[in-house]
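Engineer: Predicted structure and sequence below. I'll ask about it afterward.
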Amino acid sequence: MSEQQRDPRQIVEVLSEALPYIQRFSGKTVVVKYGGNAMTEDTLIDSFAHDMVLLKEVGINPVVVHGGGPQIGDLLARLNIESRFVNGMRVTDAQTMDVVEMVLGGLVNKGIVNLINQCGGKAIGLTGKDGAQIRARQLKIEHGTPEMTASEIIDIGHVGEVEHISTDLIEMLAARDFIPVIAPIGVDAAGHSYNINADLVAGKLAEALNAEKLMLLTNVAGLMNARGEVVTGLSTRQVDELIADGTIFGGMLPKIRCALEAVKGGVKSAHIIDGRVPHATLLEIFTNAGVGTQILEPKDL
């Protein structure tokens, strides 16, 4: 529908519905993990950039953490470097880590920054190495089979987990009206670089910033029940029960656990939202219906 065809009364209704949310969240921090379809489809890329600028304009402080797995895989293929995975995580030797830093810290990060700036925002790109923001340690994978008497520890190279996050630089940038855009690369005490799962970085960063919301953009509508309906307004206890009884499993499990840990760590709410929906972030924050699954502590329900 064009601007000429849009009913002005509908615009007023939308603004009226959004007003209490704008008032409630003004001055708060929202950490958004950006990836999936929202990062590869042109219309969704454009809507995401506009969303971040609008959040900043109404007084909310967005902090973006992005992935880039497909882009890394594409460049590795062009360089004839084999991609290998263990338990869904990329085996990252020194050569592969060079590519990861090139793609995440360069191509992808600066592309997002440029898009937000083109929409009228003031974005600035960082990796976790800048200002030693993300202190990392190497992630070791335990692998076992029924035939094995003990689990095997697998070294998958420069793949890390978060040891500590410093927020000084991010808070300074947000206070000066910048939108920080962060590539999930950390560094250890010896200066070695590590590729870290972007969901994990977003969750730990939201905790460190005492964020109002953690928003994880995905390629699904949210957490589904047995009838295929999106469930929302879940307490951390209910999520624990759904994990224990096997309702949450497979690829959704790591994302849900990330959201769950963030809320238990002090983030007011975590949201698993459908990044295939244009303006999904705004719809989840500023409308009554939302577009995904929300997890809160019981006192906030």
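Structural biologist: Perfect, thanks for sending it.
Engineer: tell me the secondary structure for residue 50?
Structural biologist: Classification of residue 50 using DSSP: H, G, I helix; E, B strand; the rest coil returns helix.
Engineer: Do a quick rundown of the helices in the stretch 151-300 of the chain.
Structural biologist: Along the stretch 151-300 of the chain, the segments classed as helices by DSSP state H, counting those that start in this stretch run 168-175, 198-208, 236-244, 252-264, 280-286.
Engineer: so which of these is the most packed in?
Structural biologist: helix 198-208 (a mean of 26; mean count of other C-beta atoms under 10 Å). Glycine gets a C-beta too; all of them are placed from N, C-alpha and C.
Engineer: quick check, residue 125 in a helix?
Structural biologist: No. Counting by three-state DSSP, residue 125 is located in no helix; its state is strand.
Engineer: Could you check how many residues crowd around it?
Structural biologist: By the measure other C-beta atoms under 10 Å, the count of residues near residue 125 is 22.
Engineer: Kindly state the pLDDT recorded for it?
Structural biologist: Residue 125 is assigned a predicted lDDT (pLDDT) of 97.
Engineer: try residue 243
Structural biologist: As summarised for this prediction, residue 243 has a pLDDT of 85.
Engineer: Hmm, residue 259 and it touching each other?
Structural biologist: No. In this structure, residue 243 is not within contact of residue 259 by C-beta atoms under 8 Å, at 11.5 Å.
Engineer: about what we covered before: can you say which of the helices of the stretch 151-300 of the chain is nearest to residue 157?
Structural biologist: Taking C-beta to C-beta as the criterion, residue 157 comes closest to helix 198-208 out of the helices of the stretch 151-300 of the chain, the separation being 16.9 Å.
Engineer: Now do that closest one against helix 168-175, angle only.
Structural biologist: 80 degrees (axes from the mean of the first three to the mean of the last three C-alpha atoms, to 10 degrees).
Engineer: Next one: the closest residue to residue 171 other than its chain neighbours from residue 81, what distance?
Structural biologist: Sequence neighbours aside, residue 209 is the residue nearest to residue 171 in space, at 7.3 Å (criterion: C-beta to C-beta, 6 or more residues apart in numbering). Residue 209 sits 35 Å away from residue 81, taking C-beta to C-beta, to the nearest Å as the criterion.
Engineer: more neighbours, these two?
Structural biologist: Neighbours around residue 209 and residue 81, counted as other C-beta under 10 Å, are more numerous at residue 209. The numbers are 22 against 15.
Engineer: looking at it, residue 117 is touching residue 123, isn't it?
Structural biologist: Yes. The criterion here is C-beta under 8 Å, and residue 117 meets it with residue 123 at 5.5 Å.
Engineer: And the two? Which one has more around it.
Structural biologist: Neighbours per residue, other C-beta under 10 Å: of residue 117 and residue 123, the larger number sits with residue 123, 25 against 15.
Engineer: contacting residues for that one?
Structural biologist: Remark: with contacts taken as C-beta atoms under 8 Å, 6 or more residues apart in numbering, residue 123 is in contact with 52, 64, 112, 113, 116, 117, 178, 179, 180, 181.
Engineer: So which residues of the chain form strands?
Structural biologist: Using DSSP state E, the strands assigned to the chain run over residues 29-34, 61-66, 85-86, 89-90, 123-127, 134-143, 152-165, 179-183, 185-187, 193-196, 213-218, 234-235, 269-274, 292-296.
Engineer: nearest to residue 45, of those?
Structural biologist: Closest of the strands of the chain to residue 45 is strand 29-34, at 9.4 Å (criterion: C-beta to C-beta).
Engineer: Many thanks, we can stop here.
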